[in-house]
Each structure stands twice: as C-alpha cells, then as structure tokens.
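Asks: next input, structure requested:
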Amino acid sequence: MKERVESINTEPRRLLGGFSRRDFFRRLAGGLSLPLLAHRRASGYHASPRSDIFWIRKIPDHPFTGEGGDNHIGIDSLLQLMGDQDLKFYRSSEVTPLSGPEGLIAPDDVVLVKVNAQWKYRGCTNSDLVRGLIRRILDHPDVFTGEVVIIENGQGRGSLNCDTSVYYEGDRSVRANANDESHTFLYLVDRVFRDPRVSAYLLDTIRSRIIGPADHSTDGYRTYEDVSYPCFTTAGGFRVELKEGVWRGDRHTQNLKLINVPVLKHHDTGGSEITASLKHFYGILSMSDGVSHGRHYDLLGQTVGKMVVSVAAPVLNIVDAVWVSHGALTGYPESATFRANQILASQDPVALDYWAAKYVLYPFNSDPRHHSDFPGIDRWLVQARDIINDRGGLLNEEKGIRVEQVTKYENEMRAFASDARTDWPEAVIALSSHELDFLLTSAGGGIPQKILEIRNSGAGNLTWRLEKEGDWFECSPSSGSGAADVMVRVSTPDLEPGIRQGTIRVHAVEASNSPQTVSVRLTIREVARKAPPVFPRSGIR
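Replies: Down below sits the predicted model:
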C-alpha cells in the first residue's frame, strides 16, 4: 500500500520564494534576499514547495533479493517512492523511474556513506541496509566509475569492524547490526563486494591532525569557523576535501556526494535525547579540533546546522529504523531495542528528525523525551533550522538538492509512505544501440567488431541472455546478470560481397520490455585486385 500522509499540525508560515514572510523582510533589510532569489529563479532549478519525507514500512525480516543477494527490498522501495515524486536517485540523461538529468548520483561521483560505527549491536547503523544502498550505487545505469567510501569518526571509539569494547564492559566480540552479526562494514568491503570501487575509512585515526588549506596530501582535518571537516585520500586514489570537493591536482571538482545513514535511537537524558540525522554529524567533525566547548549540548543544533549548510549538505539522509534502540545508546541489551523494520529519508534533516522522533521512536513507549516537541529536542531542531535558513538554505542544483528552506513545521512537510516492495517496477533493458552496421571489404578492410552495451535502467535484478539469427557473427558473452559490454564480432572468411541482415534479441525475464531487438547489418564491398607491375625485359640477369 502506498499513501500520502497528510501533515497533522501546525504553525503556518506564508512562503515567499521559499522564505517565510518574516524571513523575507528580515533578509531584504540585510540586502541578501533579492540577489539570492533572482539567482535561483534564473537558474531554472526550482526548490520543492515542501520538505518531502519518504517513509518505507513493513520491510521483511529477511530483506535481500536478486541473484547476488545484495538487493535490499527496503532500499529499492525507497528509491522507487522517491522516483515517483521526481527525486531520482541516478543522474543520467536517460529518464526512467529511477534516473534523470537532475538525479542525485552521477556515474563518476565519489560517494561518502556516513554510518554510525562508534557503537555496535543495534547502536550502529544497520549494515544490511548499507549493503543494499551500495549495491544500488554500483548498479548505476551509465556504469559507475567513481568510488563508494564508508566513513565514520567515532572520536577514538569507532570501529568499522563493529568490535568496539568501550561501554561494553570489555566485550571485544564482533556484533554488527545485521541479520548476520559478522557482516560488519569492513565485511561488506572485503568479502561482499570485493570491488575497487568500494572502500572504507575510519576517521578516528586523523581526528587530531589539523592541516592547512594548501595541504592536499596529508590526511587530517581542516577547521572552518568553530567546526572542522575531514580531508583524506581514498583507497581508490581520490583526494576528498569535504567542504571543497575532490582535489584534482590543480582544482576542485564537485562530484563528491554525501549520503547520511544514521540509526534512530535514544541517546541520553538531558542532552540531545535522541540520535538521528543531525546528531549524526558529530561523527564527521572532529571533537579534537580544539573547539569542543558547548557542542554537548547547548550548541548542538548550531554546530550540526553549520556543518550541513556551510561544510557539506547530504544529498540524502536515510534514517535507519530497522532496529530502534529506545532505551540504550549502546543498542544493547536486546530488551532495550525493538524491530520496527522501517526507513525514512529526506533532503531536509530537520524535518526528517522531527518526523522520525514523533512517528517512529515516540509511539513505541510514549516516552515524552522522545517526542519532537519535547524542549530538549525542540531546542536543537530550532537552532539547526535557523542557522541553515539564515545562511541561505540547502538548494543546490549541482548536487541535486531541491530543499531550499528546512523546517520543523508539519504543514511545510509532505510525507509519502509505502509498505516495502509496493508497486515496485520491473527491470528495464537499456541498450547502447538497436542497430549495428559493419562495412568491410573483400580485401579484409574495415573493423569486424563492435560493442553492444546492456544496462538496466529500471529496478531490481536483470538476468539476460542473447538469441541471434545469423551464422556469420558471434556474441561474447551470450548471457549474464546486470550491466555488460557484449563484443559482436563478424567472421568473413568465406563470405561473398553483398549485404547480409541478422538480429540479436536480448531476453530478460525480469524486464518489462523484454525482448529487445538489435538489427545487425553487414556490407562487404568488392575491391578490385591490382595486377602486379610488368617490367620491360632487359639484358640484365
């Protein structure tokens, strides 16, 4: 079942170009509003009228599908729900349910997946969820050539192997938040994917090393105002400088994307109260940068808001509510957790945290301190909202971010809810060409081979096979799963000059447009052979 969840509450604000009336006149007095509004109108890239929240429920306990077992029903359903509202996951010139020219992830992006790995058990991000997310990135319809990097700064207590012992009474066992507790974040990198495009980086090791703006080789942290951000070189050789982008030796490029994947849980009493997408940014900045006063907790909202708006705004925040720890920050013991089998996502972290607290965490045990209107939570939501909006909001065409002003008011949110796998579309066969033309000569001239690219521009698994008509060409490989480059090679030894026609049919049981046909045409031109030169006879022998 898919549904539109109407907003329930609230304090209305009249919007002018994405600003409240109050904000509009305050900014106008400061001389900031008109240039900003004019720029956004001229760009042709428009903000979403409200903060969209995408809510997937009833994820099965065993969520994986597909031949390789990496397709996560919850993630796949989320991306489809987003695509239904025109927030496409893939950036591509081809428009499909999941892709479009304003999509989030381009084929050459460096994608940082921020997880919670300061804790283990159900206190860390669900690695099954991360597995499904990475699989989707790698399955980019235009062939992913960038790198996915799982990152975390556990402030000296983090472990991407989910074996931290701090706060676990010396327990050093591996306990991932996954159906199989051995499936840690490093397990995903080293055992599941085993792909040079997937790596991990624990930022704990560089959190105390402060580097300057001209240092593009040392792994460490740069400071910005009273926050800080990491700069490091990935396993794949990309130089990531979080605020500036990817360093290319003489300039920065903006093909750096951040996806924020926190686990939803109780945090403490009297501090932040809960952890969700905003508090999760404390695993990006360094608490060892010399400016820790007030971060816990008086300036929590101001700190994370500044990180989001002035350092790096996630292109997507995904709140992991598969297991929710309602009674313990550590996600342990099991009695302090419950299986909710839900995920929520938004480009507005303020709206997302408000919604997740009120409609997922709070209803379980009606703890008023977990309600988003509780003063301890409301304080940092308001702080984050105000600093983000005061600094111009999040709208960013280059990153695919459609949110301009963030909000904590429900009448400025749109929540779209769906049960997992509801209305999930089938795979779609996408080919580089539907015609292959070969031009050869009887003397052996011409190029006898071409590449046919097979891609999945839809969703789910694409297991394909080729059927050909014509004994004068071969295809290799003739079957496979997922994206592939098929070599079509013509064999000409005994062929006479003339024109020949053949076909290739691409079959895939999962695809809605199966089969797809490619016409193959071969033209062989006769080339007259020159007689050998005749030399006049001479008396020289």
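Asks: can I get stretch 252-262 in CSV? Just the C-alpha atoms.
Replies: Output for stretch 252-262, consisting of C-alpha atoms alone and laid out as CSV, is shown next (Å, rounded to 0.1, in the frame of the first residue of the first chain):
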residue,chain,number,x,y,z
HIS,A,252,38.4,21.0,-7.0
THR,A,253,35.5,19.3,-8.7
GLN,A,254,32.1,18.9,-7.2
ASN,A,255,31.5,15.2,-7.9
LEU,A,256,31.6,14.5,-4.2
LYS,A,257,28.3,13.3,-2.7
LEU,A,258,27.4,12.6,0.9
ILE,A,259,24.7,10.2,2.0
ASN,A,260,24.0,10.3,5.7
VAL,A,261,22.7,7.0,7.2
PRO,A,262,22.2,7.3,11.0
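Asks: and it, what's buried?
Replies: For stretch 252-262, a neighbour-count test (16 or more other Cβ atoms under 10 Å) marks Asn255, Leu256, Lys257, Leu258, Ile259, Asn260, Val261, Pro262 as buried. C-beta coordinates here come from the backbone N, C-alpha and C atoms, glycine included.
Asks: quick one: whichever helix in the chain runs longest to chain centroid distance?
Replies: For the chain, the helix reaching the highest residue count under DSSP state H is reported as helix 375-390. Taking Cα atoms, centre = their mean, to the nearest Å, one finds helix 375-390 lying 26 Å from the centre of the chain it belongs to.
Asks: what lies in contact with it?
Replies: 19, 23, 270-274, 278-279, 297, 299-302, 304-306, 308-309, 349-350, 353-354, 357, 369-372, 394, 405-408 (Cβ atoms under 8 Å, 6 or more residues apart in numbering).
Asks: repeat the analysis, applying 7 Å as the threshold.
Replies: Under the criterion Cβ atoms under 7 Å, 6 or more residues apart in numbering, residues 23, 270, 272-274, 278, 300-302, 304-306, 308-309, 350, 353-354, 357, 369, 372, 394, 405-408 lie in contact with helix 375-390.
Asks: mind checking which of the residues you listed are buried?
Replies: When burial is judged by neighbour count using 16+ other Cβ under 10 Å, the buried members of those are 23, 272-274, 278, 300-302, 304-306, 308-309, 350, 353-354, 357, 369, 372, 394, 405-408.
Asks: so what's Leu285 scoring on pLDDT?
Replies: Per-residue confidence (pLDDT) for Leu285: 96.
Asks: please disregard the earlier target; I meant Val192.
Replies: Reported pLDDT for Val192: 96.
Asks: filter the buried ones among the contacts of helix 375-390 down to just the ones in strands.
Replies: The members of these that map onto strands under DSSP state E are Ile274.
Asks: can you tell me which of the buried ones among the contacts of helix 375-390 are in helices?
Replies: Among the buried ones among the contacts of helix 375-390, the members found in helices (DSSP H) are Asp23, Leu300, Gly301, Gln302, Val304, Gly305, Lys306, Val350, Asp353, Tyr354.
Asks: between those residues, which is closest to Leu78?
Replies: Sorting those by how near they are to Leu78, with Cβ to Cβ, puts Asp353 at the top with 17.2 Å.
Asks: for Trp472, see how far away the closest one is.
Replies: Look at Asp353 and Trp472: by Cβ to Cβ, to the nearest Å, they are 63 Å apart.
Asks: with Ser512 instead?
Replies: Taking Cβ to Cβ as the criterion, Ser512 is separated from Trp472 by 32 Å.
Asks: pLDDT below threshold where in the chain?
Replies: Low-confidence segments of the chain, defined by pLDDT under 70, span residues 1-46, 66-68, 422-425, 509-510, 528-541.
Asks: which residue ranges of it form helices?
Replies: 21-29, 33-43, 73-84, 127-138, 185-187, 300-306, 349-356, 362-365, 375-390.
Asks: quick one, what contacts the residue lying closest to Val360 once chain neighbours are set aside?
Replies: Once flanking residues are discounted, Val360 sits nearest to Ala321: 5.1 Å by Cβ to Cβ, 6 or more residues apart in numbering. With contacts defined as Cβ under 7 Å, 6+ apart, Ala321 is in contact with Leu264, Ala340, Gln342, Ile343, Leu344, Ala356, Val360.
Asks: repeat that with 8 Å
Replies: Taking Cβ under 8 Å, 6+ apart as the definition, contacts of Ala321 comprise Val263, Leu264, Ala340, Asn341, Gln342, Ile343, Leu344, Ala356, Val360, Leu361.
Asks: picking that back up, give me the more crowded residue out of Ser512 and Trp472.
Replies: Neighbours per residue, other Cβ atoms under 10 Å: of Ser512 and Trp472, the larger number sits with Trp472, 16 against 11.
Asks: that one and Leu522 touch, don't they?
Replies: Yes: counting by Cβ atoms under 8 Å, Trp472 does reach Leu522; the two are 6.7 Å apart.
Asks: between the two, what contacts are shared?
Replies: With contacts taken as Cβ under 8 Å, 6+ apart, Trp472 and Leu522 have Val490, Leu495, Arg500, Gly502 as neighbours in common.
Asks: separate out the buried members of these.
Replies: Neighbour counting over the shared contacts of Trp472 and Leu522 (16+ other Cβ under 10 Å) leaves Val490, Arg500, Gly502 as the buried ones.
Asks: re the thing from before, from the shared contacts of Trp472 and Leu522, which two are the most distant?
Replies: That would be Leu495 and Gly502, which, of the shared contacts of Trp472 and Leu522, are the farthest apart (Cβ to Cβ) at 12.2 Å.
Asks: shared neighbours of the two, anything?
Replies: Taking Cβ under 8 Å, 6+ apart as the contact rule, the neighbours common to Leu495 and Gly502 are Trp472, Leu522.
Asks: now do the contacts for the closest residue to Val166 other than its chain neighbours.
Replies: For Val166, ignoring the flanking residues on the chain, the nearest one in space by Cβ to Cβ, 6+ apart is Arg157 at 4.5 Å. Residues counted as contacts of Arg157 (Cβ under 8 Å, 6+ apart) are Gln118, Thr164, Val166, Tyr167, Asp204.
Asks: which of these are buried?
Replies: Under a neighbour-count criterion of 16+ other Cβ under 10 Å, the subset of these counted as buried comprises Gln118, Thr164, Val166, Asp204.
Asks: ok, the first one touching Gly283?
Replies: Yes: at 6.5 Å, Gln118 and Gly283 qualify as touching, with contact defined as Cβ under 8 Å.
Asks: show me whatever sits in contact with both of these two.
Replies: Glu152, Gly154, Gln155, Gly158.
Asks: phi and psi next, for Gly236.
Replies: Main-chain torsions, Gly236, degrees, to the nearest 10: phi -90, psi 0.
Asks: surely it and Asp195 touch.
Replies: No: counting by Cβ under 8 Å, Gly236 sits too far from Asp195 to count as a contact (10.1 Å).
Asks: coming back round to it: just the buried residues of stretch 252-262: which are in strands?
Replies: Using DSSP E, Leu256, Lys257, Leu258, Ile259, Asn260, Val261 are the members of the buried residues of stretch 252-262 that sit in strands.
Asks: much appreciated, bye for now.
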